[in-house]
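Undergrad: here you go, sequence then predicted model.
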Amino acid sequence: MSSGLDALVHRLRPAAAEPEGALILTHGRGADESDLLPLLDALDPERRLVGAVPRAPLQLPPMGYHWYVSGAVGHPDKKTFLETCDLLGSWLEAWAHETGVPIERTILGGFSQGTVMAYALGLGRGRPQPAGLVAFSGFLPEVDGFELDLEDRSGLPVAMGHGTYDDIISVDFGRAARARLEAAGAAVTYRESPMPHAIDPGFLRELPAWVRSVIAGAANA
């Protein structure tokens, strides 16, 4: 089995100069590492950050990839979820080592299943806290053997977007995640949009300023 950065196929987007931080996005079920690549420039048009989009390790016939086997919404399959958490966590550690950008200056984000993985890697007990989280159309995972740490996330920046017509992951999951994160002290920027399971371009246009603010805050921490 490959190790380090080779453990996951990924696409890299370099920073324009010395990176001020990093931005890592995880795609949704049935997509691949090219799906969210344009979002790196959408979120960070000045290329202040080094960016990457890894490919999920599980193939989904007839095409595409996924991070875990889907069970009931909100409750991923235990075996595949835990295995992927370990693999993606090791990949992130290798990424930080190779780029010299620590997780504390890294924004983790994703869409759908990718949001679930961003939450898991950013909020899992015992894991280092990232600079911020970008969460499109996802949920906080509930899995036996995995524990979220929501005891104190004071000031953690989280940008969340969810469609009110989402029939894949109901907006109720986004609202529940918002409530739990705010109760933990996170600084949540939340948007609901009248759309299905997708990313709102209008909300996306608001986020470069948010990204700049998050990275500036991480640099001064």
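TA: Here it is on my side, so go on. Residues are numbered from 1 along each chain as shown.
Undergrad: buried set for the longest helix belonging to the chain?
TA: Longest helix of the chain, by residue count under DSSP state H: helix 78-99. For helix 78-99, the neighbour count (16 or more other Cβ atoms under 10 Å) marks 80-82, 84-85, 87-89, 91-92, 94-96, 99 as buried. The way it works is simple: take the backbone N, C-alpha and C, and place the C-beta from them, glycine included.
Undergrad: which helices and strands does that helix pack with?
TA: Judged by 3 or more Cβ pairs under 8 Å, 6 or more residues apart in numbering; DSSP states H and E, helix 78-99 is in contact with strand 21-26, strand 49-54, helix 113-123.
Undergrad: would you turn those into CSV with distance to W67 and mean pLDDT?
TA: Output for the helices and strands packed on helix 78-99, formatted as CSV (distance: least, Cβ to Cβ, whole Å; pLDDT from 0 to 100):
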stretch, distance to W67, mean pLDDT
strand 21-26, 7, 98
strand 49-54, 10, 98
helix 113-123, 5, 98
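Undergrad: of all those, which one is nearest A184?
TA: helix 113-123 (8.7 Å; Cβ to Cβ).
Undergrad: show residues contacting the longest helix of the chain.
TA: Applying Cβ atoms under 8 Å, 6 or more residues apart in numbering, the contact partners of helix 78-99 are 3-5, 7-8, 10, 19, 22, 24, 26, 50, 52, 54, 56-58, 67-69, 101-103, 106, 117, 120-121, 124, 127, 141, 143-146.
Undergrad: same check on stretch 32-52?
TA: Taking Cβ under 8 Å, 6+ apart as the rule, stretch 32-52 contacts 9-16, 19-28, 53-56, 64-65, 95, 99, 101, 107, 109-111, 114, 134, 199, 204, 207-208, 211-212, 215.
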